[in-house]
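Engineer: Provided below for reference: sequence and predicted model.
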Amino acid sequence: MKEKVLQYLKAEPRFRNRKAKWRGIADILIETYHLELDRKVLADIIADGSSADRCWRDILKNDKSLRGEDYEDKEILEQEAQMQLGYQPNYHNDIKKLAQL
């Protein structure tokens, strides 16, 4: 997906503007999944999904009783993903600690 976004940013300068972000993402998804859907409708759906995601994260951050069983797994999952990408987990924290010594 990252490569597709990069190529579209290079090919379509309007996609670089914040106001065109959702429409550009809609174009990428329409092409990737061969969707028969109006790009503006899909852009609105994506924007609403993004807003819902932010609301979901904010609500769970502030109300522990609504969190799922895997809520606390975030840090472990992030570190595993970093290692799969060839990064060293907590690299920036280690650098900060070294600077304090």
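Structural biologist: Cool, got the structure. Numbering: from 1, shown residues only.
Engineer: how is this protein carved up into domains?
Structural biologist: 2-67, 72-101 (automatic domain parsing).
Engineer: Export stretch 22-41 to CSV, keeping only CA atoms.
Structural biologist: The C-alpha trace of stretch 22-41 is given here as CSV (Å, rounded to 0.1, in the frame of the first residue of the first chain):
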residue,chain,number,x,y,z
TRP,A,22,-9.5,11.1,1.0
ARG,A,23,-10.4,11.3,-2.7
GLY,A,24,-6.9,10.2,-3.6
ILE,A,25,-7.1,7.3,-1.2
ALA,A,26,-10.5,6.4,-2.7
ASP,A,27,-8.9,6.4,-6.1
ILE,A,28,-6.2,4.0,-4.9
LEU,A,29,-8.8,1.7,-3.3
ILE,A,30,-11.1,1.7,-6.3
GLU,A,31,-8.2,0.7,-8.5
THR,A,32,-6.8,-1.9,-6.1
TYR,A,33,-10.1,-3.6,-5.4
HIS,A,34,-11.8,-3.0,-8.8
LEU,A,35,-14.7,-1.2,-7.1
GLU,A,36,-17.7,0.1,-8.9
LEU,A,37,-18.3,3.0,-6.6
ASP,A,38,-18.3,6.8,-6.9
ARG,A,39,-14.9,8.1,-5.7
LYS,A,40,-16.6,10.9,-3.7
VAL,A,41,-18.9,8.5,-1.9
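Engineer: tell me the mean pLDDT over that stretch?
Structural biologist: Confidence for stretch 22-41, expressed as mean pLDDT, is 95.
Engineer: any idea how far it is from the chain center?
Structural biologist: Put simply, stretch 22-41 sits 17 Å off its chain's centre (CA atoms, centre = their mean, to the nearest Å).
Engineer: And the contacts of that stretch?
Structural biologist: 1, 4-5, 8-9, 12, 14-15, 42-44, 46-47, 50 (CB atoms under 8 Å, 6 or more residues apart in numbering). For glycine as for every other residue, the C-beta is placed from the backbone atoms N, C-alpha and C.
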